[in-house]
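A.B. asks: Provide a 3D model corresponding to the input given below.
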Amino acid sequence: MERTASSLHPRTEHLTPFATLPKHRDLASSRLYTTIEGFVKEQQCSNAGFKRGIPSHMLSKIQYLVEGHFQRAAGTFNKAGFTPNSVTTVGFLLTLVAALLYSIGLGTAWLISGAVLALLVGAYFDAADGAMARRYHKISKMGGILDSVLDRVGEIALYAGLAVGSLVPGWLALWALSASLMVSYVRARVDVEGVKLKGVGLAERPERLLILLIATVLAAFSSLWFEFGVSLIALLSTVTIVERLYRARVVLSGPGRGSA
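C.D. replies: From the prediction side, this is the model:
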């Protein structure tokens, strides 16, 4: 039968095997396309994760790059008998010293120098406590709570000192303080929903301290630098709040997360 059918259709005899076989070329192309598409998606996810893993802003990047230095500093503090919580406390006390100097007006170069030194060393201790906790495996929930609370109280003291010392208008100090606290609150609240916002925004606490530190240095030439610096902190903190809320909205509204 097959032979007879083939002889009746001599041209079909050669074409029929190819017509009935799977289209290997199409399958190969489809498999190749699927492989390439999967590879591209994998690379995009990998790159996105890599970008998320690197801190995004000024001091965060610096702290990331000099983590080894803070690890060595942690060793020194440990040998001196410090604990992460005591390092946190010292940093907080130095912040209070800076706030006290602000409250008396910074009328001399010595007072300005003292405020700069207190802010700088306080920020150093604040960065070292986390490195110490990680190195010596002393990370605790209470330690994290203590660090966050003292950071917030320190910021309140700084902006209150600026207002009391008449270095900036009261309304401006209140705006900068409120926005700064809200930056931290939004991150903490969204973190409860499983969304990480570290590095998101222009004005995290390290950036705010850096701006205030620079403004304090420049205040030796003109007190207007305080108003400029605190205005910048207030504005960037407000932008950071909006950016974090938007990022949280995007993540929480994504597939499988439900409506935010």
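
A.B. asks: helices of the stretch 151-260 of the chain, residue ranges please.
C.D. replies: 170-192, 205-218, 224-252 (DSSP state H, counting those that start in this stretch).

A.B. asks: so which of these is nearest Thr95?
C.D. replies: Nearest to Thr95 among these is helix 205-218; the distance by CB to CB comes to 9.0 Å. Where you see a C-beta, it was placed from the backbone N, CA and C, and this is true even at glycine.

A.B. asks: CA atoms of the closest one as CSV?
C.D. replies: The C-alpha coordinates for helix 205-218 follow below in CSV (Å, rounded to 0.1, in the frame of the first residue of the first chain):
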residue,chain,number,x,y,z
ARG,A,205,20.5,59.7,58.9
PRO,A,206,24.2,59.6,57.8
GLU,A,207,23.4,62.1,55.0
ARG,A,208,21.6,64.4,57.4
LEU,A,209,24.4,64.4,59.9
LEU,A,210,26.9,65.1,57.1
ILE,A,211,24.9,68.1,55.9
LEU,A,212,24.6,69.4,59.4
LEU,A,213,28.3,68.9,60.0
ILE,A,214,29.3,70.8,56.9
ALA,A,215,26.9,73.6,57.8
THR,A,216,28.5,73.8,61.3
VAL,A,217,32.0,74.1,59.8
LEU,A,218,30.9,76.8,57.3
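
A.B. asks: so what touches that helix?
C.D. replies: Residues from elsewhere that reach helix 205-218 (CB atoms under 8 Å, 6 or more residues apart in numbering): 57-60, 63, 106, 112, 115-116, 119-120, 123, 127, 151, 155, 158, 180, 183-184, 203, 225-226, 228-230, 232-233, 236-237.

A.B. asks: out of the helices of the stretch 151-260 of the chain, which comes closest to Arg135?
C.D. replies: Of the helices of the stretch 151-260 of the chain, the one closest to Arg135 (CB to CB) turns out to be helix 205-218, at 19.9 Å.

A.B. asks: in that closest one, what's buried?
C.D. replies: By 16 or more other CB atoms under 10 Å, the buried positions in helix 205-218 come out as 205-213, 215-218.

A.B. asks: now this structure, which segments are flagged as low pLDDT?
C.D. replies: Residues of the chain meeting the criterion pLDDT under 70: 1-68, 256-260.

A.B. asks: now stretch 112-132 - C-alpha only, PDB.
C.D. replies: Extracted C-alpha coordinates of stretch 112-132, given in PDB (Å, rounded to 0.1, in the frame of the first residue of the first chain):
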ATOM      1  CA  ILE A 112      32.000  75.800  66.700                       C
ATOM      2  CA  SER A 113      35.100  73.600  66.800                       C
ATOM      3  CA  GLY A 114      33.700  71.800  69.800                       C
ATOM      4  CA  ALA A 115      30.300  71.200  68.100                       C
ATOM      5  CA  VAL A 116      32.100  69.900  65.000                       C
ATOM      6  CA  LEU A 117      34.300  67.500  67.000                       C
ATOM      7  CA  ALA A 118      31.400  66.200  69.000                       C
ATOM      8  CA  LEU A 119      29.300  65.600  65.900                       C
ATOM      9  CA  LEU A 120      32.200  63.900  64.100                       C
ATOM     10  CA  VAL A 121      33.300  61.600  66.900                       C
ATOM     11  CA  GLY A 122      29.700  60.900  67.800                       C
ATOM     12  CA  ALA A 123      28.900  59.800  64.300                       C
ATOM     13  CA  TYR A 124      32.100  57.600  64.300                       C
ATOM     14  CA  PHE A 125      30.900  55.800  67.500                       C
ATOM     15  CA  ASP A 126      27.500  55.400  65.900                       C
ATOM     16  CA  ALA A 127      29.000  53.700  62.900                       C
ATOM     17  CA  ALA A 128      31.300  51.500  65.000                       C
ATOM     18  CA  ASP A 129      28.700  50.000  67.300                       C
ATOM     19  CA  GLY A 130      27.000  48.000  64.500                       C
ATOM     20  CA  ALA A 131      30.400  46.800  63.300                       C
ATOM     21  CA  MET A 132      31.300  45.700  66.800                       C
END
